[in-house]
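Q: task: produce atomic coordinates for the following.
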Amino acid sequence: MQATFTRNIKKALGELSLFVDLAPEQLGELVAATRCIACEKDQPIYRAGDSVNEMYVLLSGQVTLSLSSNRGNEKVIEVLGAGQSFGEAELFASDPCLVAAVATKPSQLLGIRREGLCQVMAADPRLALRLMGVLARRQVDMETELAARHFCSGSRRLLDFILQLAGPNRDLVGETTVTLAVSKKVLASRFDMQPETLSRTLRDLADSGLIVVDGSRIRLRNSAVARYLDDEVLPQPVNFPNLRRLPRLAGNGCARAASTLAARSQARDSRSYCDSINQAGRLRMLSQRMAKSWLMLETGLLARQSRLILRQSMDAFGGQLLALEARANGAESAAAMAELARLWPRYQALLDADPSRQAARDLFGINEDVLQAAQCLTLSFEQADGTRKGQLINLAGRERMLSQRVAKFFMFRHMGIKSAQCRVELDDASQEFSAALVELTSVAQDSSPVILGELESVAEHWNTMQSTLVLRNGNDFAPTARKLFTTSENLLRRMEAAVDLYARLPPG
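A: Sure, this is the predicted structure:
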């Protein structure tokens, strides 16, 4: 009986990708450290707060990993099927488990003790690398899910989940049938929904002609899904590569850190002001991006995405001010920095307040004042630099700002706040962006095919934005505002990449 039991474990382990091709002696050590576990439905494998000394491999059945609050709310973060492993991070971490693992169907598992794993990893480093790969993929999946929660609608996230079930070989025409192997309650928790919200979301996808729901079976209408995915452009986070946070040190440590940063800053400034032009130009853009996102919150559109981008932009603005403080050593740049330091607390307080129509009127004036001060700071650095490269960085950086300014004035105009001025400013910003894009493209044709390719992508997004600005009637506002917000973020991302390419050009 024991020999049969051992052979079964050895066969099961040898078929798993984690342990494939291990030497017989190493596989034998794993078998000695492994036990079989049979779980009934709803049986916990480990709970939050437990310490574990095993990693687990699910042979059959289903296991959910979930977080719970003190109020009893549960958030399912992963649903596992046969062949998947879990508990690796909990096994090698010293802290108690944050998540609970529960068998949601009758399940068969293998539990592999830490000691046995460590012995085999010491003898065959491939196993350590494979485990690192598992943890890395899980980290990427978590980051992807976090981004989707902030930037995608519930309908899109659910559709993506169904597409994952269909697999990469899904046909481009006809229909593909998938089966939901989890209950609606579990699936709803997975997507931060109530079960009734999940049902409504499935109905929305069905009403859009993307799927047909038949109980737990879902038929994907592949042609309609392909058209939907082609038409939808989702906003993505924008990285600010030159942003650095100052270290938080106490006493003399803080003074030493400040001295070191100042010395490094002076060394960079002695070579070029281009970094300063880029960072000051980014302040211009952030002044408009914050207003745009705040106005979206006031209208109640894309609230989660707008709130996230607003917070990111406010953090970036404050950090950028700190980074530029030591560089503003000329009279004009020092005066502009002083004005920004004076305006920023007022602007920040307004952005932190709950959106309202009166606050929007106040916002109209102060964000323009902040923009003007940031423009003066940028020009002071460009003049101090005195190179063609600095001029191009400033010109391209101003395009970043205009991409947000257009969206901002569209929102103000719809709200009826200084509509006539908004119409003029909107036209001026659009004309300036188009003219600068022509100039940048002309220069890139002679000097940089890489930048030219980036600017071609910018032009595509700009054409989309221009066509989106046309409102046929009042009922078009909500979908137009959503698309404009999304397009402005994608346009900003492309312009940020273009400015970075200009910053890498050789001096001159």
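Q: mean confidence score for whichever strand or helix holds G133?
A: Secondary structure assigned from DSSP states H and E places G133 in helix 125-151. Mean pLDDT, computed over helix 125-151, is 76.
Q: repeat that for stretch 13-33.
A: Per-residue scores along stretch 13-33 average to 88.
Q: quick one, strands of the stretch 1-150 of the chain?
A: Using DSSP state E, counting those that start in this stretch, the strands of the stretch 1-150 of the chain run over residues 34-39, 43-46, 54-68, 74-80, 85-86, 100-113.
Q: and if you look at the stretch 201-350 of the chain?
A: Using DSSP E, counting those that start in this stretch, strands in the stretch 201-350 of the chain cover 211-214, 217-221.
Q: which of the strands of the stretch 1-150 of the chain has the lowest average pLDDT?
A: Sorting the strands of the stretch 1-150 of the chain by mean pLDDT places strand 74-80 lowest, at a mean of 84.
Q: related to what we said a few turns ago, return the most buried member of the strands of the stretch 201-350 of the chain.
A: Most buried of the strands of the stretch 201-350 of the chain, by mean neighbour count (mean count of other Cβ atoms under 10 Å): strand 217-221, with a mean of 18. Where C-beta positions appear, they are placed from N, C-alpha and C, glycine not excepted.
Q: can you show me the CA trace of that one as CSV?
A: Below are the C-alpha coordinates for strand 217-221, written out as CSV (Å, rounded to 0.1, in the frame of the first residue of the first chain):
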residue,chain,number,x,y,z
ARG,A,217,-22.1,28.5,-20.6
ILE,A,218,-21.2,31.6,-22.5
ARG,A,219,-20.8,31.9,-26.3
LEU,A,220,-18.4,34.6,-27.5
ARG,A,221,-19.4,36.2,-30.8
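Q: so L163 makes contact with A226?
A: No. Look at L163 against A226 with Cβ atoms under 8 Å: they stay out of range, at 10.7 Å.
Q: compare neighbour counts for the two and give me the winner.
A: Neighbour totals were compared for L163 and A226, and L163 leads with 17 against 13 (other Cβ atoms under 10 Å).
Q: A helix includes the more buried one, no?
A: Yes. Counting by DSSP: H, G, I helix; E, B strand; the rest coil, L163 is found in a helix.
Q: what about it, distance to L220?
A: Relative to L220, L163 is positioned 7 Å away (Cβ to Cβ, to the nearest Å).
Q: list residues touching both of those two?
A: Common contacts of L163 and L220 (Cβ atoms under 8 Å, 6 or more residues apart in numbering): R170.
Q: do you know how far M401 is from N278?
A: 12 Å.
Q: do the same with F161
A: Distance from F161 to N278, counting by Cβ to Cβ: 39 Å.
Q: which one's more surrounded, these two?
A: N278 (25 against 16).
Q: that one touches L395, doesn't it?
A: No. Proximity of N278 to L395 does not meet the contact threshold set by Cβ under 8 Å, at 11.7 Å.
Q: need the overlap of contacts for those two.
A: Common contact partners of N278 and L395 (Cβ under 8 Å, 6+ apart): none.
Q: what mean pLDDT does stretch 349-367 have?
A: Regarding stretch 349-367, the rounded mean pLDDT is 89.
Q: pull the CA atoms of it into PDB?
A: Below are the C-alpha coordinates for stretch 349-367, written out as PDB (Å, rounded to 0.1, in the frame of the first residue of the first chain):
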ATOM      1  CA  ALA A 349      -6.400  72.500  -1.300                       C
ATOM      2  CA  LEU A 350      -8.900  73.200  -4.100                       C
ATOM      3  CA  LEU A 351      -8.100  69.900  -5.800                       C
ATOM      4  CA  ASP A 352      -8.400  68.000  -2.500                       C
ATOM      5  CA  ALA A 353     -11.900  69.500  -1.900                       C
ATOM      6  CA  ASP A 354     -15.100  67.800  -3.100                       C
ATOM      7  CA  PRO A 355     -15.900  69.000  -6.600                       C
ATOM      8  CA  SER A 356     -18.600  71.500  -7.000                       C
ATOM      9  CA  ARG A 357     -19.700  74.100  -9.500                       C
ATOM     10  CA  GLN A 358     -18.400  77.000  -7.400                       C
ATOM     11  CA  ALA A 359     -15.100  75.300  -6.800                       C
ATOM     12  CA  ALA A 360     -14.900  74.700 -10.600                       C
ATOM     13  CA  ARG A 361     -15.200  78.500 -11.100                       C
ATOM     14  CA  ASP A 362     -12.400  79.100  -8.600                       C
ATOM     15  CA  LEU A 363     -10.300  76.300 -10.300                       C
ATOM     16  CA  PHE A 364     -10.600  78.100 -13.700                       C
ATOM     17  CA  GLY A 365      -8.500  81.000 -12.500                       C
ATOM     18  CA  ILE A 366      -5.900  79.400 -10.300                       C
ATOM     19  CA  ASN A 367      -4.900  76.600 -12.700                       C
END
